[in-house]
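Participant: Sharing a sequence plus its predicted fold:
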Amino acid sequence: MSPGPLRIGILGGTLDPVHHGHLFAAAEAQAACRLDRVLFIPCGHAPHKAEDEVTPAEHRYLMCVLATASNSGFRVSRLEIDRPGPSYTIDTLRELRAIHGQTTELVFIMGADAVREIDSWHMPDAVLAEARCVAVPRPGSELADLPSVLDRGRADRIEILDLPALDISATEIRRRVRAGRPIRYLTPDPVVDYIAREGLYVQAREN
Ligand code: ATP
Ligand code: MG
């Protein structure tokens, strides 16, 4: 642990499934922001998605545990899974703040696609006030033009990290499983094995 205040990174999303894009972004943010740990937080009820479009939370949670088990700096949190109602980031940040206190630095890690949608989030200014927000590149989503696409000065509050953008998405992994194509090396082997063992993503959902 580094001296000074505790620094906790947060990587949230449906994580359906977690993959090397998430893990690489978390590792880079951990190094760049000198984070003591990064919490992977699979959402309970995604506010923007219908319940039957998302794999049951326990599967998504267990895949995060499998993916992060080999890294002592990565942890998985059940905060959103165990909280009833829609999973709003602001509620999660406030819970973490209550647990860890005012001196802890909370660093919220987002991909470029998520950052570009921040105006449509629940209480975006409160999120930006509660956590240090960092954005990581993602193919297909610009970061350079944030000031012109986001409302009122919100872009000024977002730090952009410089790392190679990995073209990996959970949508593509789900599609590949459905098509019978390999997903090895897109996500850690234990996750690949878990998906096969549980028969996840074989049946068509809406995406
Ligand atoms: P889906 O295709 O189902 O939307 P996803 O791959 O986008 O899945 P999410 O769970 O939606 O994964 O994303 C969680 C967070 O991780 C978001 O902030 C997203 O921008 C970020 N993220 C996802 N994939 C990558 C990637 N390849 N590189 C950087 N950030 C990523
Ligand atoms: Mg996504």
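Facilitator: Received it, and whenever you're ready, just let me know what you need. None of the values given here were measured: they were computed from a predicted structure. Ligands and ions are numbered 1, 2, ... in the order given.

Participant: Leaving out chain neighbours, which residue sits closest to Gly12?
Facilitator: Setting aside the residues directly before and after it, Gly12 is nearest to Ile41 in space (C-beta to C-beta, 6 or more residues apart in numbering), at 4.3 Å. For glycine as for every other residue, the C-beta is placed from the backbone atoms N, C-alpha and C.

Participant: Can you verify my assumption that that neighbour contacts Asp91?
Facilitator: No: using C-beta atoms under 8 Å, Ile41 is not in contact with Asp91; the gap is 11.2 Å.

Participant: the more surrounded of the two?
Facilitator: Neighbour count, other C-beta atoms under 10 Å: between Ile41 and Asp91, Ile41 has more, with 24 against 17.

Participant: any idea how far that one lies from ligand 1?
Facilitator: 10 Å (C-beta to the nearest ligand atom, to the nearest Å).

Participant: same for the host helix or strand of that residue, what does it pack against?
Facilitator: Assigned by DSSP states H and E, Ile41 falls within strand 37-42. With contacts taken as 3 or more C-beta pairs under 8 Å, 6 or more residues apart in numbering; DSSP states H and E, strand 37-42 sits against strand 7-13, helix 20-32, helix 57-68, strand 74-76, helix 79-82.

Participant: again, 10 Å this time
Facilitator: In terms of contacts (3 or more C-beta pairs under 10 Å, 6 or more residues apart in numbering; DSSP states H and E), strand 37-42 is packed against strand 7-13, helix 20-32, helix 57-68, strand 74-76, helix 79-82, helix 89-100, strand 105-111.

Participant: next one: that strand to chain centre, how far?
Facilitator: Taking C-alpha atoms, centre = their mean, to the nearest Å, one finds strand 37-42 lying 8 Å from the centre of the chain it belongs to.

Participant: pLDDT weak spots in this structure?
Facilitator: Applying pLDDT under 70 to the chain flags the ranges 1-2, 205-207.
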